[in-house]
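Colleague: Just need the structure, nothing else, for what follows:
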Amino acid sequence: MAFIKQFFPKSIFICCCILCLKSGYSQDVEPRRWTSIPLGINVVGATYVYTNAQVNFDPVLELTDVSLEANTFAASYVRPFKLANKLARVDVVIPYSIDHWEGFLSGEAASTNRSGFMDPWLRLSVNLIGPPPGGPKELKEYYEENPVSTTFGVSLGVTLPFGQYFDEKLINVGNNRFVFRPQAGVVHRWGLWSFEVTGSLTIFTSNTNFFNGNTLSQNPTIGLQSHLIKQFKNQMWASLSAAYNQGGSSIVNDVSNNDQRAYFYSGASLGYTFAGNQGIKIAYIRSQALRDVGSDSNSLALAWSMSFR
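Modeller: This next block holds a predicted model:
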């Protein structure tokens, strides 16, 4: 049976809930976000993320015991460069997801599967305060001369509406809209320790081809994340993370659904550098809804990266 295909008067609101819930568990909780990369270096990476989410809807929607199991794969590329005598970088990520939804609608079991490319995104970052632009040797010398230092940066990320999307389906892997995310962050380093704080504002454009010809808008969200990171002398590092995100209530055809969300995230990461230019990372992220309607999720990520000239 197709998931959520009955009770059409409720289906629009159900779809809006699903959209907000997916954006809730997919927030980027990213330690070492503002790490300086030497000029002349390219970084490619591959990431796998397994997510299991338990979804809670308003009881009036008659959806119970809803769960999402998602397997997400992503390819990434990072390139630093010099911008107005500041160290900058561009990130590009192309994700692909395989999702399985299941639950009970009015007491009847229902499920569906979705797979395809998600919306890719790119991000431009500039460190306004911190190490000057330079190669690996200059960056190493800077940190040796400044064992206690602070980096402050700003960025703009853009999610592009190129993911798989069908307006006749309630659930999609793409969202058919642009998403803009300006960020500002600060990192304070002392010896082998560092502490990061990043603030975000996420702005959504309207999806004018939303389910069956409707128009979907979404209010902005605000977020704050922090990371305590320890660098070990054996090329290993570890971090503990916490984050908060709220907002994002949906609007269909100029009518608000009053479905604002709030989430708390916690996480831990462990990374290791080997062969001089490669790294692996394993990370766990837990999201918890702070309201009666929302989703609680657990995500496990495994990432590999390689740098080259």
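
Colleague: which stretches of the stretch 1-150 of the chain have low pLDDT?
Modeller: Judged by pLDDT under 70, the stretch 1-150 of the chain has its weakly predicted residues at 1-27, 57-63.

Colleague: Please enumerate the helices of it.
Modeller: Taking DSSP state H, counting those that start in this stretch to define them, one finds helices in the stretch 1-150 of the chain at 8-25, 136-145.

Colleague: Not counting its neighbours along the chain, what's nearest residue 191?
Modeller: Nearest-residue entry for residue 191: residue 147, 5.7 Å, with adjacent residues in sequence omitted and distances by C-beta to C-beta, 6 or more residues apart in numbering. From N, CA and C alone the C-beta is placed, and that goes for glycine too.

Colleague: element containing the residue nearest to residue 174 when sequence neighbours are not counted?
Modeller: For residue 174, ignoring the flanking residues on the chain, the nearest one in space by C-beta to C-beta, 6+ apart is residue 163 at 2.5 Å. Here residue 163 is covered by no helix or strand, with elements defined by DSSP states H and E.

Colleague: Let me see the backbone angles for residue 163.
Modeller: Its backbone dihedrals place residue 163 at phi -70, psi 170, with angles given as degrees, to the nearest 10.

Colleague: residues touching it, list them.
Modeller: With C-beta atoms under 8 Å, 6 or more residues apart in numbering as the criterion, the residues that contact residue 163 are 116-120, 172-176.

Colleague: run the last query once more with 10 Å
Modeller: For residue 163, the contact set (C-beta atoms under 10 Å, 6 or more residues apart in numbering) comprises 94-97, 116-120, 172-176.

Colleague: same thing with residue 31?
Modeller: By C-beta under 10 Å, 6+ apart, the residues touching residue 31 are 194, 196, 198, 225-229, 237-241, 267-269, 271, 281, 283.

Colleague: quick revisit: distance of the residue nearest to residue 191 from residue 188?
Modeller: Taking C-beta to C-beta, to the nearest Å as the measure, residue 147 falls 12 Å from residue 188.

Colleague: Which one's more surrounded, these two?
Modeller: Using other C-beta atoms under 10 Å as the criterion, residue 147 and residue 188 rank with residue 188 on top: 14 against 10.

Colleague: beta partners for that one?
Modeller: Taking DSSP bridges as the rule, residue 188 bridges to residue 150, residue 195.

Colleague: doesn't residue 195 make contact with it?
Modeller: Yes - when contacts are counted by C-beta atoms under 10 Å, residue 188 is listed as touching residue 195 (5.2 Å).

Colleague: Need the overlap of contacts for those two.
Modeller: With contacts defined as C-beta under 10 Å, 6+ apart, the residues shared by residue 188 and residue 195 are residue 150.

Colleague: For residue 215, which non-adjacent residue is spatially closest?
Modeller: Distances taken as C-beta to C-beta, 6+ apart place residue 208 nearest to residue 215, at 5.1 Å, with adjacent residues excluded.

Colleague: who are the neighbours in contact with that neighbour?
Modeller: Under the criterion of C-beta under 10 Å, 6+ apart, the contact partners of residue 208 comprise 167, 176-177, 214-217.

Colleague: Please apply the same query to residue 141.
Modeller: Here residue 141 is in contact with 131, 134 (C-beta under 10 Å, 6+ apart).

Colleague: Quick check: it vs residue 134, distance?
Modeller: Taking C-beta to C-beta as the measure, residue 141 falls 8 Å from residue 134.

Colleague: With residue 100 instead?
Modeller: From residue 100 over to residue 134 the distance is 47 Å, taken as C-beta to C-beta.

Colleague: Could you verify my assumption that residue 245 touches residue 287?
Modeller: Yes - the pair residue 245 and residue 287 passes the contact test of C-beta under 10 Å, sitting 8.7 Å apart.

Colleague: Grab the nearest non-local neighbour of residue 243.
Modeller: For residue 243, the nearest residue in space outside its immediate sequence neighbours is residue 225; the separation is 3.6 Å by C-beta to C-beta, 6+ apart.
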